[in-house]
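One predicted model, sequence on top.
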Amino acid sequence: MKARLTSAFLLALLAGAGTSLAVPAVPAEAGVRVELQNPARLGQQGKRALRRGAIEAKAAQNPDLAAMLRMVALERIYRKEGKLGDVDALYRDVLSRSTSASVKNFAELRLARLQMRAGDRASAKQTLRSGLERNLQAPR
């Protein structure tokens, strides 16, 4: 009975005072599932955060997706630091070391995009053509 009175008292106090209650974050491994009552009320940032969380959850189980997410994160850091040469080196290193076709395709597309932004259309075309040729010759 005492617990019920305390809970009711706290709820009444919070509702009447107009204060908010801070809820600590729950680790994902705790198995807690949160369902949104009205997803339509989420703003763009909230929707982006949900998508990002879903992608990161999938990446935890898929090494290729995890590698792609890390490449994009590194690219973002290098761009903020003004080190575009490091972005180019990153993708070339991944192309030379990766054995995964999907990771190589992703790296080639990002490298070609980087080359196009720099105005080097010939290199971008060569990068895309070499990737296309590798894909066409891949065993099915």
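Thanks, I have it.

Now do the helices for the protein: every range, in order, please.
Assigned by DSSP state H, the chain shows helices spanning 2-17, 44-59, 63-81, 84-97, 101-117, 121-137.

rank those by mean pLDDT and give me the bottom one.
Mean pLDDT per stretch puts helix 2-17 lowest among the helices of the chain, at a mean of 41.

Disregarding flanking residues, what is the spatial nearest neighbour of A124?
Q115 (4.0 Å; C-beta to C-beta, 6 or more residues apart in numbering). Glycine gets a C-beta too; all of them are placed from N, C-alpha and C.

That neighbour contacts L128, correct?
No - the criterion here is C-beta atoms under 8 Å, and Q115 misses it with L128 at 9.3 Å.

Could you check which of these two has the larger neighbour count?
Using other C-beta atoms under 10 Å as the criterion, Q115 and L128 rank with Q115 on top: 20 against 17.

what residues are up against the more buried one?
Residues in contact with Q115, defined by C-beta atoms under 8 Å, 6 or more residues apart in numbering, are R121, S123, A124, T127.

which of these lies closest to L111?
Nearest to L111 among the contacts of Q115, counting by C-beta to C-beta, is T127 at 5.4 Å.

number of nearby residues for the closest one?
Quick note: T127 (other C-beta under 10 Å) scores 24 neighbours.

and the gap between it and N62?
25 Å (C-beta to C-beta, to the nearest Å).

Check S98 too.
14 Å.

And Q126, by the same measure?
30 Å.

cool, and M116?
28 Å.

likewise L132?
Counting by C-beta to C-beta - L132 and N62 are separated by 24 Å.

how about L95, what does it touch?
By C-beta under 8 Å, 6+ apart, the neighbours of L95 are K104, A107, E108, L111.

Would you convert those residues into a markdown table that also reports neighbour count and distance to D93?
A markdown table is the format used below for these (neighbours: other C-beta atoms under 10 Å; distance: C-beta to C-beta, whole Å):
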| residue | neighbour count | distance to D93 |
| --- | --- | --- |
| K104 | 20 | 12 |
| A107 | 25 | 9 |
| E108 | 21 | 13 |
| L111 | 22 | 11 |
